[in-house]
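Visitor: Sharing a model that was predicted from the sequence below.
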Amino acid sequence: MPSLFIDGQWTSGSGGSAEVVNPFDASVFETVDQAGPDDVERAVAAARAAFDTGPWPGTPVGERGALLHRVADLLQRDKEEIARVETLDTGKTLVESRIDVDDVTAVFRYYAGLAGKDTGRLVDTGNPAVVSRVVHEPVGVCVLITPWNYPLLQLSWKVAPALAAGNTVVIKPSEVTPLTSVLLVRLLEEAGAPRGVVNILLGEGRTVGAPLSEHPDVDMVSFTGGLATGQAIMRAAATTVKRVAVELGGKNPNIVFADTDFETVVDNALTAVFLHAGQVCSAGTRLIVEDALHDDLVAELARRADRIRLGNGLDKDTESGPLVSAAQLAKIEDFVASARAEGARVVAGGHRPEEPGLRNGFFYRPTVIADVRRDMRVIREETFGPILTVERFTSEEEAIALGNDTEYGLSGAVWTGDAGRAERVARALRHGTVWINDFGPYFPGAEWGGFKRSGNGRELGPTGLAEYQEHKHIWHNTQPGPAGWFTGGV
């Protein structure tokens, strides 16, 4: 079945084909089409024509919202099949994939509702003869480039507000996990998206993502992924001064004071870092623990980490699946090797699993590393895998300093029974999301994004819609007359 969708038609494209691998056992379970240069041009031209001359930008906001509601209904209709494909594609557990489909549904419903409320505003000029309005208009042709860890969820964060605002889109999912993005485009087609409004191209970043980012007929690029790729996209977009919104990962502190409940912290610290094998941009990879609690917490975390059940994501008893690829597995092994070489102590994991049924897949045991220093590579760089490092502190000021001692600023958390201290630390942390006595939840109505090298712009919330809008000021003088500024010629 053709995998590319261009100008309302499914097509095989001109870039050949690629195999999609199941991370559980490295088997090939799907072959997809790849886009070539001609397909890039056709997709951009289709999106451009649909925006410049098609009906979608001028479609009433209520009708645009109704389409998003239909997509949400279809997502729930096909929930089990979509979740199964997401698990086969990414390796995550079926429970996680089902949650993803529900979260995606909530995102579409949120922007369906917000679209109808987004009417702009009147500005009081103090002059009764003037009507001053700020109106919101779509940006234009938007390229949406998504990562491999949450392919369906991250796409929803982009495509729902982009369509709600009246834009047309060209989607470029990760070449590693493209399948549920294709399924979502099929649902958008079924829901009635007009011809050319939604397009999807599969392929590698250098052959598809790069030319899309540079293209003069593209008005905006939204990207979620690694820092180096995000920087390259920003440089490419600069030549045409197109709008760019990027989310580039994090090195997220999870700060624990000694006055919090021990069992609650252990449980949540494990979930924060080992969910989806640690392949989460907001994972709590840096556990920063008050000195009085440090040793007992490390010992219990190590004991519990060694008991986490790895396996096939389709197996109901599996607690954590594999890494997404052989390349990601090699990267994690290199991080652990460098930590050992630099003097850190691996207290749990630190190796591939020994069970025969897991040897063909991209599995790595959940790993806990203690006795780390701030100059170690495993502390400074985003690992994006099942690695938890543990640091210690003795004062509130030191905890804040450690939490902010990173080039990233995506998310973080603070655990304490002292409400005043919780608020002080949360306000002091330079991260886009800070949880107090929790870790990980997000809500479609609250903005998501990072400080520093975690990116710029925001997804979700009203600001997530504003990213896909131009804000135009219209000044209407209802009683025009001579200005009377220059009177010499009168």
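Guide: Happy to help now that I have it.

Visitor: From the contact counts, what lies against the lengthiest helix in the chain?
Guide: Scanning the chain for the helix with the most residues, using DSSP state H, yields helix 94-117. In terms of contacts (3 or more C-beta pairs under 8 Å, 6 or more residues apart in numbering; DSSP states H and E), helix 94-117 is packed against helix 61-77, helix 79-90, helix 151-164, helix 461-466. From N, CA and C alone the C-beta is placed, and that goes for glycine too.

Visitor: Kindly format the C-alpha coordinates of the first one as PDB.
Guide: Once non-C-alpha atoms are left out, helix 61-77 reads as follows in PDB (Å, rounded to 0.1, in the frame of the first residue of the first chain):
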ATOM      1  CA  VAL A  61     -13.400  28.000  12.700                       C
ATOM      2  CA  GLY A  62     -16.300  25.900  13.700                       C
ATOM      3  CA  GLU A  63     -16.000  23.700  10.600                       C
ATOM      4  CA  ARG A  64     -12.300  23.300  11.200                       C
ATOM      5  CA  GLY A  65     -13.000  22.300  14.800                       C
ATOM      6  CA  ALA A  66     -15.600  19.800  13.600                       C
ATOM      7  CA  LEU A  67     -13.000  18.100  11.500                       C
ATOM      8  CA  LEU A  68     -10.700  17.700  14.400                       C
ATOM      9  CA  HIS A  69     -13.500  16.300  16.500                       C
ATOM     10  CA  ARG A  70     -14.200  13.700  13.700                       C
ATOM     11  CA  VAL A  71     -10.500  12.700  13.800                       C
ATOM     12  CA  ALA A  72     -10.800  12.300  17.600                       C
ATOM     13  CA  ASP A  73     -13.800  10.000  17.100                       C
ATOM     14  CA  LEU A  74     -11.900   7.900  14.500                       C
ATOM     15  CA  LEU A  75      -8.800   7.600  16.800                       C
ATOM     16  CA  GLN A  76     -11.000   6.000  19.400                       C
ATOM     17  CA  ARG A  77     -12.700   3.800  16.900                       C
END
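
Visitor: So which of the helices and strands packed on helix 94-117 is nearest residue 214?
Guide: Closest to residue 214 of the helices and strands packed on helix 94-117 is helix 151-164 (C-beta to C-beta; 19.1 Å).

Visitor: Can you report how many residues lie near the closest residue to residue 129 other than its chain neighbours?
Guide: With C-beta to C-beta, 6 or more residues apart in numbering as the measure, residue 479 is the residue that lies nearest to residue 129, at 4.0 Å, once sequence neighbours are left out. Residue 479 has 8 neighbouring residues, counting by other C-beta atoms under 10 Å.

Visitor: how about low-confidence regions in this structure?
Guide: With pLDDT under 70 as the threshold, the chain has low-confidence stretches at 489-490.

Visitor: In contact with the closest residue to residue 385 other than its chain neighbours: list those residues for me.
Guide: If the residues on either side of it in the chain are set aside, residue 385 comes closest to residue 332, at 3.9 Å by C-beta to C-beta, 6+ apart. Under the criterion of C-beta atoms under 8 Å, 6 or more residues apart in numbering, the contact partners of residue 332 comprise 323, 364, 383, 385, 386, 387.

Visitor: Which ChimeraX command selects the buried ones in these?
Guide: For anyone working in ChimeraX, the buried entries among those, judged by 16 or more other C-beta atoms under 10 Å, can be selected with:
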select :323,364,383,385,386,387
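
Visitor: Now go through the contacts of residue 332 and say which are in strands.
Guide: The subset of those located in strands under the criterion DSSP state E comprises residue 387.

Visitor: if I read this right, residue 417 contacts residue 259, doesn't it?
Guide: Yes: Residue 417 sits in contact with residue 259 when judged by C-beta atoms under 8 Å, with a separation of 4.3 Å.
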